[in-house]
Structures are given as structure tokens and as C-alpha cells.
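Student: this one's structure only:
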């Protein structure tokens, strides 16, 4: 392989996990205002399998062979004209340009705009940082930019054991709020370990009753990381003036809480998705919080890049605890 090529998991058409294949393709080069990162670890997110199936066609035109992947941590390999504050060899984490239609992070190299690349303190592991971008940025958006969580409030996280949910639990706790979270029975202790004051086994039912006993006046914020009709009565758990923040899933005709009932109760429903405009501030704040120990990495499982298809199957199934990462080049760590 030459300096102008790289290995990547690519797709040449939309479809199931089987369309992902390991291939040698052209290596990206840094354009003005951009950074090329040599990838140590790439994160696996629900948005990845949706990108693989073509769900993001409404936002950009795919150019095949296409590389999915929104998250990466690694070493700066090249900086473009006008880039300041970063140099070749710096350890960084990035939210890739995949959401703009460029190739993503399931590759040896990924190109990102400068504002979505954050330098890491020496003591922050690349593996831990790679878990941040999509999951933690989305959680930050829901907890702070949408929810305005603060000390003394009550926050309910639906799906507390997943990547976004686990960060939402921690960020709400960081704000000083009291936190309840739903999860399966095998994850109750895990969610408590993240800081949840109350862990609720959703499979037993009675979520609304458990929340009412815990917060008799209603919670201030519901962060719903699961969707798909799993918490349609969330409006009834929120105090008047509170917020329900459903994380966007892109699923067509997804059952949603009743907006008329929300208006009747004085509750706002604010569909939530990560924003390009706020990613720079959010990712920098998350790295700072991780470095200071105010949040900690979720449970992380690392699998080889070549196993990306199976990793996406598992994430699509919806029961991964914490984060799955792809090992692209662990010698960088």
C-alpha cells in the first residue's frame, strides 16, 4: 500500500451489513481548514447502519465507494492551510465530516473540518476519547442545549445503558440533577454505577409509577434515547413547564408522544439531534469533562475493523451496553 492509499470498510451500494467490505481506496488529503487524522479507533453508532442503508440520502449525495463512521480518535497526519492549534503528531478526537457526505472513520485515515477536531490531554486514552463524539455530543445537546438541566432538577433517561443514554445520565449528574434511568435487568447495576439515583427495569413495566414515586411533582426533563414508542406516556411524567427530548432516530412514522396532550399539560416536546454548529463547543467541553474526571468512559468493547458488519448488526439490535469501537490501528494508542 502506498502513501496515497489506505484500507477502509466501504460500501458500493446500499443494503444490509453484508455490503460492507474491506478495500484499498484513495487516502484523503487535507484541504484548507481541514485536518487528516490517522485513525486508532472508530466508534460504531446507530447512525452508521442507517447511513449504510441510505437513510441519509435526504441530507447529502453519496459517492461510492462510501465510508461510514462519525467518530474517530487518533493522531494528526496532515493539516490544511489556515489550520491553527494543531500539528502533525497531536493526539486528537474528531466528529468526522461524514454527515456532510464525505468519507467517514471506518478507515485508516479520516478528514474532518478543523472545528470538529479536539486535541487530547496526554492522560486521556484514545480509546476512551473515541467513545465521545456522536453519543456524548447528542447527550450534551439533549441535557444542556435542549433540556437546560441544572442542580436540583429531576431528569429521566430512557435507555440509560446505551452510549447516548449512559452519557446523558452522567451529564445530568454533572449538572447537579437527580437522575432516573430505564434499562434491562442485566444493566441495573451498570446504570447505577454511572450515577443514576434510580434504575428502572423497563421489562417489568410500571415505569410511570416508579417515576411518580421518585418525583411526585414530575420530572423536569425526559431524555428519550430509545424512541420507537417505548415511552409514549413520557408527557405524563413531566411537570408543567418541563421538556421531553426524544433523540432523532430517522425512523419513518415512528410513534411519538401526543403533542395535543403535551400542550394541554404545558410540556414541550423538542426533537433532538446533534448540530454541526454546536459540535465544536460541545466536543471540547466533553473532552475537558473527561480529562477532569467529571464524566468517565462507558463500558467499551473493541473489535477489529474487519468485523464492522457484525458490530453494526449488534448496534442495530439495540442492546449494546456502552460503546462498541473498531480497532483500526491500536499501535497508535
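Tutor: Alright, I've got the coordinates. Note that the structure is a prediction, hence the values are computed from the model and not measured.
Student: and for residue 77, the neighbour number?
Tutor: The local packing count at residue 77 equals 20, with neighbours defined by other Cβ atoms under 10 Å. Where you see a C-beta, it was placed from the backbone N, CA and C, and this is true even at glycine.
Student: tell me which element it is part of?
Tutor: When secondary structure is defined using DSSP states H and E, the element that contains residue 77 is strand 71-79.
Student: which is the succeeding secondary structure element to that strand?
Tutor: Read in the C-terminal direction, the helix or strand following strand 71-79 is strand 91-95, with elements assigned using DSSP H and E.
Student: ok, then the element right after that next one?
Tutor: From strand 91-95 onward toward the C-terminus, using DSSP H and E, the following helix or strand is strand 109-113.
Student: what mean pLDDT does that next one have?
Tutor: In this model, strand 109-113 has an average pLDDT of 97.
Student: how about stretch 41-57?
Tutor: In this model, stretch 41-57 has an average pLDDT of 94.
Student: same deal with stretch 233-250?
Tutor: Per-region confidence: stretch 233-250 scores 92 on mean pLDDT.
Student: list the buried residues of that stretch.
Tutor: Judged by neighbour count (16 or more other Cβ atoms under 10 Å), stretch 233-250 contains these buried residues: 234-235, 237-239, 242-247, 249.
Student: which pair in those spans the largest distance?
Tutor: 239 and 249 (25.6 Å; Cβ to Cβ).
Student: in its sheet, what does the longest strand along the chain sit against?
Tutor: In terms of residue count, the longest strand belonging to the chain (DSSP state E) is strand 34-44. Neighbouring strands of strand 34-44 in its sheet, by DSSP bridges, are strand 71-79 (antiparallel), strand 109-113 (antiparallel), strand 323-327 (antiparallel).
Student: any idea how the protein splits into domains?
Tutor: The chain resolves into domains spanning 5-131+297-332, 135-269 when parsed by automatic domain parsing.
Student: TSV for the ones you listed, including distance to residue 280?
Tutor: What follows is the domains of the chain, written out as TSV (distance: least, Cβ to Cβ, whole Å):
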stretch	distance to residue 280
domain 5-131+297-332	4
domain 135-269	10
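Student: out of the ones you listed, which is closest to residue 289?
Tutor: Ranking the domains of the chain by their distance to residue 289 (criterion: Cβ to Cβ) puts domain 135-269 first, at 6.6 Å.
Student: kindly check the end-to-end length of that closest one for me.
Tutor: This stretch, domain 135-269, spans 20 Å end to end (Cα to Cα, to the nearest Å).
Student: still on that earlier bit, quick check, distance from the strand holding residue 77 to the centre of its chain.
Tutor: Relative to its chain's centre, strand 71-79 lies at 18 Å (Cα atoms, centre = their mean, to the nearest Å).
Student: which residues are contacting that strand?
Tutor: The set of residues that contact strand 71-79 without belonging to it, under Cβ atoms under 8 Å, 6 or more residues apart in numbering, is 29-30, 35-43, 45, 86-96, 105, 109-110, 112, 117, 120, 126-127, 129-134, 328-329, 332.
Student: all strands of the stretch 51-200 of the chain, in order?
Tutor: Remark: strands of the stretch 51-200 of the chain, listed N- to C-terminal, are 71-79, 91-95, 109-113, 117-119, 154-158, 178-183, 198-201; assignment by DSSP state E, counting those that start in this stretch.
Student: what angle do strand 91-95 and the third one make with each other?
Tutor: Spelled out, that is strand 109-113. Orientation of strand 109-113 against strand 91-95 (axes from the mean of the first three to the mean of the last three Cα atoms, to 10 degrees) gives an angle of 70 degrees.
Student: now do the longest one
Tutor: Following the same axes, to 10 degrees, one obtains 120 degrees for the angle between strand 71-79 and strand 91-95.
Student: and strand 71-79, what's buried?
Tutor: If you call a residue buried by 16+ other Cβ under 10 Å, then strand 71-79 has these buried ones: 71-79.
Student: quick one: these as JSON lines, columns for pLDDT too.
Tutor: Rendered in JSON lines, the data for the buried residues of strand 71-79 read as follows (pLDDT from 0 to 100):
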{"residue": "71", "pLDDT": "97"}
{"residue": "72", "pLDDT": "98"}
{"residue": "73", "pLDDT": "98"}
{"residue": "74", "pLDDT": "98"}
{"residue": "75", "pLDDT": "98"}
{"residue": "76", "pLDDT": "98"}
{"residue": "77", "pLDDT": "98"}
{"residue": "78", "pLDDT": "98"}
{"residue": "79", "pLDDT": "98"}
